[in-house]
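**Q** Here's my sequence, what's the structure:
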Amino acid sequence: MDLRFPRPLGPGDTVGVTSPSSGVAPALQPRLQVAVETVRARGYDVRIGACMAGASHVSAPAPQRAAELQAMLLDPAVRAIVPPWGGETAIDLIPLLDWDAIAAAEPTWVVGFSDLSTLLTPLTLVAGVATIHGNNLMDTPYRVPDGLVGWLDIVAMPPGSTFRQAPPGRHRREFVDYATHPTDHEYVLDLGPGWRRLDDPDGPVDVRGRLIGGCIEILANLAGTRFADTSALAGLGDGLVVFVEAAGADAFAVCRHLHGMRLNGFFDGATAVLVGRTHAPDAPTLTQDEAVRDALGGLGVPIVAGVDCGHWPPYLPLVNGAHAHVVHREGVSVVTQALA
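**A** Alright, predicted model coming up:
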């Protein structure tokens, strides 16, 4: 596998904004402008695409969304693409993108999470381009909590860079109403706990491997296809640190999804599994933690839950394809990533 990391962004470089899934409703346009100005304040030009409408669950018909995303991916002037957020059906772009052309083009950073996992993970596994599973554009105005690193800093790092993240151990559950508070920029983190090991609560974790993962409800639909085939990445010989997170599916659905992903080989080669913090509902006889243990406990690798890569702030960006060193023990939770 020819894994490539996009070159770092510098002053004057262009960041593309398009909505491969859901767009931005009129009431949320002020927040979008605040987010765009946050990016511009870092010295970047921002190019906003035409596929941004928010009246439906998609920003435009699939052919238009695919064409706009691909045009940005193939344009050497666009150095990063950051959609406003995820949505529901970005999967309809998968057959419309020219994956060979994308793989042949100079790599571009693509940033996001949730439904954008539909694109981020295949971009790494099929096109061989590192991508950032992290906060979306609409989250960008928030001050990055101490210990974490925001996407704006990661995209400016040259290949070979290493960065360390230690989560604050606290999080927030509610989403802010951006229509009422478009300039909100400070997280209120008031809920715990932090990371916890599911398979062996008292066992320390010290593992290494290439990062790959995303949203469970999204990746389950790609499992068994080339767009979620982790074998080539695992074949680099470093092992895989696989991360998954549940957006809102109940524990029964999460259990089924993870079983299916495991049966389709998504976790083959894993040295550990990181499970994002979730407030998705338990089922009457199965909790979210039990769902993970039921599906993945047989892997025989550490399973760490409560990781800050889910839908609830703060966000700990994970670079698909990066080499990770994960340490978790009493009083210490750290992930170090190398863009190499």
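**Q** Now the terminal residues of stretch 205-223, how far apart.
**A** One end of stretch 205-223 sits 27 Å from the other (CA to CA, to the nearest Å).
**Q** and that stretch, average pLDDT?
**A** Computed over stretch 205-223, the mean pLDDT rounds to 98.
**Q** Only the buried residues of that stretch, if you could.
**A** Neighbour counts using 16 or more other CB atoms under 10 Å place 205, 207-220, 222-223 of stretch 205-223 among the buried residues. No exception for glycine: its C-beta is placed from N, CA and C like everyone else's.
**Q** Run the chain-centre distance for it.
**A** The chain centre lies 10 Å from the centre of stretch 205-223; the measure is CA atoms, centre = their mean, to the nearest Å.
**Q** for this structure, what spans make up the strands?
**A** 14-17, 45-48, 78-81, 109-112, 131-133, 162-165, 196-197, 205-215, 240-245, 270-276, 303-307, 318-320, 323-329, 332-338 (DSSP state E).
**Q** Report all helices and strands that the longest one contacts.
**A** Helices and strands in packing contact with strand 205-215 are listed as helix 117-125, helix 231-234, strand 240-245, strand 270-276, strand 318-320, strand 323-329; criterion 3 or more CB pairs under 8 Å, 6 or more residues apart in numbering; DSSP states H and E.
**Q** got those as a markdown table, with mean pLDDT and mean neighbour count columns?
**A** Shown next, in a markdown table, are the helices and strands packed on strand 205-215 (pLDDT from 0 to 100; neighbours: other CB atoms under 10 Å):
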| stretch | mean pLDDT | mean neighbour count |
| --- | --- | --- |
| helix 117-125 | 98 | 26 |
| helix 231-234 | 98 | 18 |
| strand 240-245 | 98 | 28 |
| strand 270-276 | 98 | 26 |
| strand 318-320 | 98 | 26 |
| strand 323-329 | 98 | 20 |
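**Q** Tabulate those (CSV), appending distance to residue 188.
**A** As requested, the helices and strands packed on strand 205-215 are exported to CSV (distance: least, CB to CB, whole Å):
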stretch, distance to residue 188
helix 117-125, 27
helix 231-234, 37
strand 240-245, 21
strand 270-276, 20
strand 318-320, 24
strand 323-329, 25
